[in-house]
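In: here you go, sequence then predicted model.
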Amino acid sequence: MASIFVKALRDRRRALLWWGLGMMGTAFMLASFYPTIRATGDDLNTYIENLPEAIRALVLAGGGDFTSGPGYLNSELFSFMLPVLVLIFSVGVGAGVLAGEEREGRLELVVAGPVARRRVVLQKLAAVLAGMVALGVVLWAALAAGVEIWDIPVEHVNLAAAVLMGVLLGWVFGALALAVGAATGRRGMAIGIPAAFGVATFFVNGLAPLSSVLEAWRPLTPFYYYNALEPIRNGLDPAHTLVLVALTAILGVAAVLAFERRDLTT
């Protein structure tokens, strides 16, 4: 069974390499800008305060001191850029490891052997997590180095907490893509449905502070548990962490049940 897990990662080794290099470059680029941001001081904070509320809510995660280390990284990376990158990567991998292989005619060879379908799904789900963890480690290492090089006042444990929440967020959407692929066998749907859900819930979570109607729906979005308590400032929150893990577990069970009941010959 380890071969299914390993093969899922091996098939995506080039993508993981390029994504890792991209994450590393992004982290160094953002960290290198911080001395300039810090030098602008109050003028930049004043400019940000005059931006439309919708922009501040979506991109700046509700505001805060943009020139502080946590405020800068939260606004520039963790509130907007990282969720978008995580969504793209995780949905692509989650859709590819099951529905993608089925479309290419390779999955039938796997399930025809002496292996339970549920184990196939669980190995694929583990591969999604492994890919997310690999990128998370690269991102954290690059950020930790950038924090030291450019003297950004951020605690490394909080930095690790913020990256971990990004990994778990990606695992949720990867599991959703896997579940849709398991139920339909269509890679397009396995990409489109999670992507649409991700975009919709991102805007609901981001614009919730501006609308009492959206605020009521905010706890139903994965993005709320990812960054509502700003782990880059406050560290890891066990309750929010468990919610993301539980969501992934529920989606994993749904994927197993859907895949076990579906006729792959049609």
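Out: Received the coordinates, thanks.

In: where in this protein is pLDDT low?
Out: Low-confidence segments of the chain (pLDDT under 70): 1-2, 41-42, 44-45, 47-48, 51-64, 109, 112-113, 265-266.

In: report the central residue of it.
Out: residue 170 (2.8 Å; CA atoms, centre = their mean).

In: surely that residue touches residue 89?
Out: Yes. With contact defined as CB atoms under 8 Å, residue 170 reaches residue 89; the gap is 6.5 Å. C-betas here are computed from N, CA, C, even on glycine.

In: show me whatever sits in contact with both of these two.
Out: Counting by CB atoms under 8 Å, 6 or more residues apart in numbering, the shared contacts of residue 170 and residue 89 are residue 132.

In: now the helices for the stretch 151-266 of the chain?
Out: With helices called from DSSP state H, counting those that start in this stretch, the stretch 151-266 of the chain shows them at 156-184, 187-207, 212-217, 222-227, 231-234, 238-261.

In: redo those helices as JSON lines? Include distance to residue 117.
Out: Listed next are the helices of the stretch 151-266 of the chain as JSON lines, based on distance: least, CB to CB, whole Å:
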{"stretch": "helix 156-184", "distance to residue 117": "9"}
{"stretch": "helix 187-207", "distance to residue 117": "17"}
{"stretch": "helix 212-217", "distance to residue 117": "35"}
{"stretch": "helix 222-227", "distance to residue 117": "26"}
{"stretch": "helix 231-234", "distance to residue 117": "36"}
{"stretch": "helix 238-261", "distance to residue 117": "5"}
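
In: point out the most buried one among the ones you listed.
Out: helix 156-184 (a mean of 25; mean count of other CB atoms under 10 Å).

In: quick one: furthest residue from the center of the protein?
Out: Max radial position in the chain (CA atoms, centre = their mean) goes to residue 114, at 33.6 Å.

In: hang on, residue 131 packs against residue 9?
Out: Yes. Contact criterion CB under 8 Å: residue 131 and residue 9 qualify, at 6.6 Å.

In: need the residues touching each of the two.
Out: residue 16.

In: comparing the two, which residue is more hemmed in?
Out: Ranked by neighbour count (other CB atoms under 10 Å), residue 131 and residue 9 place residue 131 first, with 28 against 17.

In: the longest helix along the chain: how far from the chain's middle?
Out: In the chain, taking DSSP state H as the definition, the longest helix is helix 117-149. How far helix 117-149 lies from its chain's middle: 10 Å, per CA atoms, centre = their mean, to the nearest Å.

In: that helix versus helix 238-261: what angle between them?
Out: 150 degrees (axes from the mean of the first three to the mean of the last three CA atoms, to 10 degrees).

In: so which bits of helix 117-149 are buried?
Out: Neighbour counts over helix 117-149 (16 or more other CB atoms under 10 Å) mark 117, 120-132, 134-136, 138-140, 142-144, 146-147 as buried.

In: residue 235 and residue 160, how far apart?
Out: For residue 235, the distance to residue 160 equals 9 Å [CB to CB, to the nearest Å].

In: hang on, I meant residue 85
Out: 18 Å.

In: before we move on, what about residue 211?
Out: 33 Å.

In: now swap in residue 36 and tell me
Out: Distance from residue 36 to residue 160, by CB to CB: 26 Å.

In: what of residue 69?
Out: As judged by CB to CB, residue 69 and residue 160 stand 15 Å apart.

In: over to residue 150?
Out: Residue 150 is 18 Å from residue 160, by CB to CB.

In: also residue 79?
Out: Distance from residue 79 to residue 160, counting by CB to CB: 17 Å.

In: which residues does residue 244 contact?
Out: Residue 244 neighbours (CB under 8 Å, 6+ apart): 165, 168, 169, 171, 172, 222, 225, 226.

In: contacts only, for residue 165.
Out: 225, 226, 227, 231, 236, 240, 241, 244 are the contacts of residue 165 under CB under 8 Å, 6+ apart.

In: that'll do, ta.
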